[in-house]
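J.: Structure here, sequence nowhere to be found:
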């Protein structure tokens, strides 16, 4: 897979993790990347991720990158590698509850709304500060906040995209300094997709979510 090799070569100097976004693509396409050494794959929909998890090698690290509804949490907490899209305290509480039943600690990223588009999910900063100061959060034993995630506005204006990524990096640093100063596990900034990952890398991304550059255009059914 030449596209995979080229992308990994670009990411190597920054040690950024590549999450191959496999949504809508069949297992046989995913296996092409798997055989080339890729292990981190991202899915938007819980049901699709479950179906692929059940069919595919168990050393794949599955990342849930799409909006997560509370009633779907119970289906993934026993095996998901990282949930990028925690966008409410309600969802985080459900993850903690279900992970406790599975006797696991589930790594999560806090999704911030950095784009101008109304369709994007995510926390506002003050919501997160309030949540992290709460006793309920401090008593959670089965989730671990590993960093932040955000999606930039879909636009050709590179400076706007850069500014949005920059805000996410500042938010990460603020949380690191004020809430997670001694936690080495709080280290991920998940930002950048096929159209804007190069800008994201320049602005400090540690994890990019790339689909069409690796798989081609999505296959809708």
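T.: Here it is on my side, so go on. Here the structure is a predicted model, which is why all the values come from computation and not from measurement.

J.: now stretch 145-163: how far from the chain's centre is it?
T.: 13 Å (C-alpha atoms, centre = their mean, to the nearest Å).

J.: and residue 88, how many neighbours does it have?
T.: 16 (other C-beta atoms under 10 Å). Every residue, glycine included, has its C-beta placed from N, CA and C.

J.: bridging residues for the residue lying closest to it once chain neighbours are set aside?
T.: Distance criterion C-beta to C-beta, 6 or more residues apart in numbering; nearest residue to residue 88, sequence neighbours excluded, is residue 123 at 7.5 Å. Going by DSSP bridges, residue 123 is paired in beta bridges with residue 112.

J.: average pLDDT across stretch 178-189?
T.: Stretch 178-189 shows a mean pLDDT of 97.

J.: still on that earlier bit, quick one: the residue nearest to residue 88 from residue 186, how far?
T.: Here residue 123 is placed at a distance of 16 Å from residue 186 (C-beta to C-beta, to the nearest Å).

J.: same check, this time on residue 157
T.: From residue 157 to residue 186 the distance is 31 Å (C-beta to C-beta).

J.: Please identify which of the two sits among more neighbours.
T.: residue 186 (18 against 10).

J.: Could you count how many residues lie near the closest residue to that one other than its chain neighbours?
T.: Distances taken as C-beta to C-beta, 6+ apart put residue 180 closest to residue 186, at 3.8 Å, once the chain neighbours are dropped. As a burial measure, residue 180 scores 17 neighbours (other C-beta under 10 Å).

J.: Next: residue 153.
T.: Neighbour tally, residue 153, other C-beta under 10 Å: 15.

J.: So it: helix, strand or coil?
T.: Judged by DSSP: H, G, I helix; E, B strand; the rest coil, the three-state class of residue 153 is coil.

J.: which SSE is the residue nearest to it when sequence neighbours are not counted in?
T.: Nearest residue to residue 153 in three dimensions, chain neighbours excluded: residue 115, at 4.2 Å (C-beta to C-beta, 6+ apart). Following DSSP states H and E, there is no helix or strand that holds residue 115.

J.: quick one: pLDDT of residue 115?
T.: Confidence for residue 115, expressed as pLDDT, is 92.

J.: Against residue 62, how distant is the most centrally placed residue in the chain?
T.: Central residue of the chain (C-alpha atoms, centre = their mean): residue 84, 2.9 Å from the mean position. Counting by C-beta to C-beta, the gap from residue 84 to residue 62 is 11 Å.

J.: Now do the shared contacts for the two.
T.: residue 42 (C-beta atoms under 8 Å, 6 or more residues apart in numbering).

J.: helices and strands around the longest helix along the chain, which ones?
T.: Ranked by residue count, the top helix of the chain under DSSP state H comes out as helix 158-178. With contacts defined as 3 or more C-beta pairs under 8 Å, 6 or more residues apart in numbering; DSSP states H and E, helix 158-178 has these neighbours: strand 106-112, helix 125-133, strand 143-150, strand 188-190, helix 197-202.

J.: switch to 7 Å and redo it
T.: Other helices and strands packing on helix 158-178, by 3 or more C-beta pairs under 7 Å, 6 or more residues apart in numbering; DSSP states H and E, are strand 143-150, strand 188-190, helix 197-202.

J.: Let me have those in JSON lines, extended by distance to residue 99.
T.: Conversion of the helices and strands packed on helix 158-178 to JSON lines gives the following (distance: least, C-beta to C-beta, whole Å):
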{"stretch": "strand 143-150", "distance to residue 99": "6"}
{"stretch": "strand 188-190", "distance to residue 99": "18"}
{"stretch": "helix 197-202", "distance to residue 99": "29"}
